[in-house]
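Peer 1: what's the 3D shape of this:
(chains A and B)
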Amino acid sequence: MNLTKFLIGLCLGCLVLIIPLSQFQPDGLDPLRTLAVQLDGRKKPLDTVAKETVAQIHGATTYQPPEGETQDYLSTYLQLWFNTRNWNEEPFILVSYRPLKEAVGLDLDRKQFTFQELMGNGALGALVQQAHQQQINDDDLSRNQREALTVEDRVNLLYQTVGDQQLPIVPHPTDSKGTWVGLATAQQYYDPDAVAPLLAQFAMMQQSLLSHGNHLPLVGQLAIDLKAGLQQLSPTIYPNQAKLAEEVHFNHFHPFGKAWQLYALALGAMLLSLRWPVYWSALGLFTAGIAVQSYGFFLRMQIAGRPPVTNMYESVVWVGFGIAAIALMFELISRRRYYLLVAAPLAVVCLVLADSLPAVLDPSISPLVPVLRDNFWLSIHVPTIALSYASFALALGLGHLTLGNYLFTPQAKGRIKTLSQLNYQVLQVGVLLLTAGIILGGIWAHFSWGRFWGWDPKETWALIALLCYLAPLHGRLVGWIGDFGLTVASVVSFNGVLMAWYGVNFVLGTGLHSYGFGTGGSELAIASVVGLDLLFVLVTAARHKGWLRWPQTVTQYSPEN
Amino acid sequence: MVVQLIRFLGSVRLAVPLLIAIAAILIGATFYESSVGSRTVQQLVYKSPWFGALMFLLAVNLGLSTLSRYPWRGTRKIGFALTHWGLIVIIAGSAAVIHLSTEGMLLVRTDSGPSNQIRVEGDLLEVVAPGQSPQQTDVWVRPDGSVTPAQLAGLQLLGYSDQAIKTVRFEEADGVDNPAVKLRLTSDRMDQTLERWLALAPAMYRQVDIGPAQLEIVQAQSLEELDQLLSPPAPTPAWGTLQIDGNDPIDVQQQMGKTLALANNLELTLTQFWPDFRLDANNQPISASNQVRNPAVQINLTQGDVQERWFVFGRDDFEPVRSGDTLSLSVTYAPPSSTAADYFRVVVSPSHKLFYAARSSQGFTQGPLQPGIAVAPGWADFEISLVETLEQAQVQRQVVPVTPVNGAVTAGQGNPALHVATPDGQDQWLPWGEPTALRTKDGPYLAAFSPKLLQLPFWVKLDDFIVERNEGSESVAMWTSQITLIDPQAEKAIQRSVWMNHPTWFKGWKLAQASWNPGDLKQSTLQLKREPWWVTALTWIGSLLVVSGIAVMFYGPAVTKRFRHPKVSTPQPESVVSSQAPTPDLAPAAVTK
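Peer 2: Residues are numbered from 1 along each chain as shown, chains lettered A, B, ... in the order given. Coordinates of the predicted model:
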C-alpha cells in the first residue's frame, strides 16, 4: 500500500516534469539551436550562446518589447544577430543598481534602457572612464564604478552582437583546438567557392527574418542547409550532433528549476499528510525531485566534462541537492516528516537563489582555471565539504523548527525531544563529512601546494566551522548544555559554515582559494539575514530561560535602583 | 593532587574551553591576516611558541582523555580512541610540516643555463665580527618595523625600513681644502623640509637639482671672480661662443655667415649652427630639436687653395671633425651656458667666507651666508638656511631611511634596509642585498642583509615552457614546464614535465609549477619543497585514523547491534548521548506506518 502511494507520488512528479508536453514537440528550430559556436574557450550550441547573451545584456531570458509579444531568448538573439530591430531604441540593456541610476540621472522606475540613452549619458561615460583609470592605477573601485563597468560590458556586448558577422561558427579545418572564425572571414581557411553558398544561406536567413516578421520556423528550415554546409567544411572537427543536442536539452529541460518545483510540491504534500494519508506520495514527489536534480548534475558534468562542484553557483546547487538527499535518507529511517518539512524549503531556497542571481552566481559553463584542473583529490574534496555544509544547513533548518517549538509550543516536550534527537543525528553526519572534507583538502594541498596544512584562511575557516560544532557537542557530554543549547548551537554555528563557504572569499578576500568565484556584493543582505536570525535565537532563548517575564522583574527591582 | 591534575588535563572540562579558545584565536587571526598579510600572522600566531603550546595542550588533553578510557571496549570506545589518537598524530604531523619542511622558489628560463639556487622566504643576516668566524641568522620583520632576533655576533639589530635610500654625509677630515655646506630648505606651504649637501668635491655635489631650482657651490679664486659670481647673470650668447687660437671669443649667432680674416692668410667662415646635432639616415647633419643639447658649429677654412670644412662640437672631449688635416688652428667652442633659470649659488670667497647669490622669477638677491639666518630666494615660500659648514670635507656614504613627508619627492624610490648598531654604540643602516663593512675601533664588521637562498643538491634546467590556451581564446588552460634534472654526483640527467597539480619528485624534493610571467614565456617559477618522509606518513596515517574513528564511533554501535540481532527493526544510529545517558529510544518513530 505504502509502496503504491510512493509510486503514485513518483509518477505525479514525472508528470510535472513532462508537462507541458509541447516542450518535447519538435518546432523545427533544432538545426538553429544546435549550430556550434566556439566561444569563451569551448564549443557550445547557439542556444546556449543566445541564452547567455540575452541574460547578460537584459538580465532575463525573455524580452518584452514596448509593443508586440514577449520573445524568448532564441528569437531575441536572432533579431540581434540579424539586426532586424532598431536596437538603438529598444529598451533592452539592464541597469538595475539604483544608486548608479541616481548618480547618472537615469529614470529610477525603469530597469532597462536603450543603447542610445546609455551611450548619450555623459555622466555614465565619465564614471566608466574614471573606473578604468582607477583599474589601471590598481585602486579599489566603488560599488557605483563596478556597476558602471558591468553596464559598459552589457553595452559592448550588445554592440558586438548586433549584426555580428564574426561569430565563430566556421570550424577550423584540421585542429580540434584551433580557432574558429566568422562567416565573413571564412576565406582564410577555405576556398571562396566553398564559402559562398554559406554566405548566401546566411543572407537568406536574414532576409526571411526581415520580411516575414518573426517567423522563426522558416529560418530554422534555412539553418538546416547552413549547418550541413558548415559541417561539411570540416566534418571531423565539427562537434557531434548528440553532444550539442544534449546541451540544448539541458537548457530547455532546466532540471534544477524542475527540481525545486518538485521539492515545493513535496512540501505541500507533506503538510497535507498531517491530515490526510499522503505521506508516502509526498516522499515519492520528493524522490522525483532528487532524481531530476541528479539527472541535471549528470548532464552538466557531461557537458562541462569535469566534477560537479567547481564554482559558487555549482556549490549552491550541490548543497541544495545534498540537503534533499541527506534528508531523504534520514526520513526513510525515521519517518517523522520533520526532515522533509525542513529540507524541502531549504533546497528550494538554494535552487531559487542559484536560478535568480546570475550576477553573483554565474550559471554559465566556462573552462576551469589551471589550478582546479585535472585532480582526483580536488574532485572529491569539494563535493564532500559541500555535503557537510548541506548537513549543517539541514541541522540549521531543524534547529529553527525546534526553536519555533520552544517559542510557541514549549509544552510539547515530546516533540521537542524528538526534534533534538533528529538534529543530533544530522550534526553527526555533518561532523563526519566536514572532517573527511578537511582532510581530503589537506591531501589535495599536499599535492598542489606541497603541504598538508598551512593555515590558509579557507582551511582555517573550515576548521573553525568544525570547532564551532565540536565545542557544543563536547559541552553536551559534560552536561554544560542540554537539548536547547545544542539546538541554539546548530543555528548559531552555521555562521561558521557561512563564513567558510562564502565569507572567506567575499569578506576576507584573501588566501589561496580565491579563484572560481564571482565578485560578491551581497554582503549587506546576508549580514542582515544573519542578524535577524540571531535576534530570533535571542528571543527564543529569552522565552526559554524565562527572561521574557520582565514586567514583574522590573517592578520588583525598580525601587532599589 | 597530581591525580586530580592529570584527570583535569584529560577531561572534557578542559577540552571545551580549549576548543572555544582555539576557535576564537583562529577567527581573530584570519581577520588580522586580511589586514596585515599572511607572513606576519604566520609568525605572530601560527608559528609562535604560545600557539604551539596551545596545540600541545590540546594533544595532551586528547591523549590523556583517550588513555583514561582504557580498555577501549565496544565499538564506540574504539572509535573514540581511533579518532583522538588520529588527531594527535595529525597535530604532530601538521606541526612537523610547518616547522620541519623547507620551501623555496626557483626561477628558471629556457634561454639560460641550469640553476640550483632557490629563494627561500625570508631574509638572512650574515655577520663576520673582527677575528671571528661568520655567523648568520634569519631576520624576521614585524609590521611595526621591529626585528627579531635582537642581536647577532655582537651587532644589535635595531629596526627595519623598506624605504631606505643611499645618501651622503660630509665630515671634517684632515687633508685637502674642500669647502662643503649643508643647506636646509623649508616650505611651510608644501609642508616640506629638504636637506642637501653641496661640496666642491666630488664634482657631482657641486650642483644639485631639487626640482624648482638648482643649488650650486662655487669657489671664487679672486675678488673679481667673486664679484662676478655674485652679480646677476649676464645674458649669454644664445648660440655660444667660439674661441680661435686663444683670441677673444666671438659670438656665433652674431658672426654667422660672416668671414673672419685670421693670421697666415687664413680665412674662417661660420656657415651653420645645430643646437642638437645628429646625422640623419643619409649621413647629413641635422638638428634633432631646437633645444641646445648637442650644439655644433660648422666652419669653413680657406688658406690659399686649401679648403677645409670643420665641425666643432661643444663637448670638451670631442675634437673637431675635419674634412682634411693640412690646416692647423686651435678652435674651441663654448656652448651657451646651461645656467638654470632659478638657482641658489653658494660662493666661497678667497678668504673662505660664504656668500650667496639667488635668482628666481622674483628677481636676484645676494649677500653673506651665515648660519641661522634664513634666505628667501623667491621660489614659492621656500627658505634656505645654512646648517653646517666644513672646510676640509670628506664624503661619507650612508644609507638612511626615508621619513614619509607629504608629497615627498623620494617616496617609492627606496630599498629595504636593516638598522644595526656596533658594540661601540654606532648605528648604521645596512642596505638589502649589498654586503657592507662597518668600521669600529676593534676592526671592521662585515655584514650582509640579503635574500635567503638555498643550494639544491641538483640542478634544474628549463627546456621548454608550454602554455596551452582554451580553444579560440586567450585564457590559459594549462602551463607546463619541461625540465631536465641534473644530478652532479650520479652524473645523470632526467627529463620531467611539471604542471599544475602534477608535481614531480627528485632526490626528496618535490618540484611543482608555481607561477609564470604572462609577458615572458621563456620563464617559469617552480616551487621546491622537501619534507621528511615520516612527516607525510604521519599526516596520512592520522587522517585515516580520524575519519575511520568518527565513522566507527557514530555508526559502529548501530551496525554491530544489527549484526548481532538482525531482527531489531530500528536501524537507528545510536547517538553519543544515548550511550552516555539513557534517553528515550527513537524506535517509536518507526510506528508512523
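
Peer 1: For the rest of this, base every contact and every neighbour count on C-alpha atoms.
Peer 2: Will do.

Peer 1: Can you pull out the low-pLDDT segments for the stretch 51-200 of chain B?
Peer 2: Counting by pLDDT under 70, the stretch 51-200 of chain B shows no low-confidence range.

Peer 1: what does it put close to chain A?
Peer 2: B:Ser94, B:Val97, B:Ile98 (CA under 8 Å from any CA of the partner chain).

Peer 1: Next one: B:Ser68 from B:Arg278, what distance?
Peer 2: Distance of B:Ser68 to B:Arg278, computed by CA to CA, to the nearest Å: 93 Å.

Peer 1: again, but for A:Gly399
Peer 2: 85 Å.

Peer 1: Name the residue in the two with the higher neighbour count.
Peer 2: A:Gly399 (28 against 17; other CA atoms under 10 Å in any protein chain shown).

Peer 1: I figured that one hits A:Phe494, correct?
Peer 2: No: between A:Gly399 and A:Phe494 there is no contact under CA atoms under 8 Å: 10.3 Å.

Peer 1: show me what contacts the residue nearest to the spatial centre of chain A?
Peer 2: The C-alpha lying nearest the average C-alpha coordinate of chain A belongs to A:Ala354 (CA atoms, centre = their mean; 2.6 Å). Each residue near A:Ala354 by CA atoms under 8 Å, 6 or more residues apart in numbering or on different chains is listed here: A:Tyr313, A:Val316, A:Val317, A:Leu361, A:Pro363.

Peer 1: Please report how far the second one lies from A:Ala386.
Peer 2: Taking CA to CA as the measure, A:Val316 falls 8 Å from A:Ala386.

Peer 1: higher neighbour count, these two?
Peer 2: A:Ala386 (28 against 24).

Peer 1: Please name the nearest non-neighbouring residue to that one.
Peer 2: A:Val319 (5.8 Å; CA to CA, 6 or more residues apart in numbering or on different chains).

Peer 1: Point me to the helix or strand that includes that neighbour.
Peer 2: Taking DSSP states H and E as the definition, A:Val319 sits inside helix A:312-334.

Peer 1: and that helix, which residues are buried?
Peer 2: Across helix A:312-334, burial judged by 16 or more other CA atoms under 10 Å in any protein chain shown covers A:312-328, A:330-331, A:334.

Peer 1: go on, stretch B:307-324?
Peer 2: B:Glu308, B:Arg309, B:Trp310, B:Phe311, B:Val312, B:Phe313, B:Gly314, B:Pro320, B:Arg322.

Peer 1: which SS state does the closest residue to chain B within chain A fall under?
Peer 2: In chain A, the residue that lies nearest chain B is A:Thr179 (4.2 Å; CA to the nearest CA). Each residue gets one of three states, and A:Thr179 gets coil by DSSP: H, G, I helix; E, B strand; the rest coil.

Peer 1: ok, the closest residue to it other than its chain neighbours - how many residues close by?
Peer 2: Take A:Thr179 and drop its neighbours on the chain: the residue closest to it by CA to CA, 6+ apart is B:Gly472, 4.2 Å away. Neighbourhood size, B:Gly472 [other CA under 10 Å]: 19.

Peer 1: Wait, a helix at B:Gly472?
Peer 2: No: applying three-state DSSP, one finds B:Gly472 to be coil, outside a helix.

Peer 1: State the distance from it to A:Thr310.
Peer 2: The value you get for B:Gly472 to A:Thr310, if CA to CA is used, is 22 Å.
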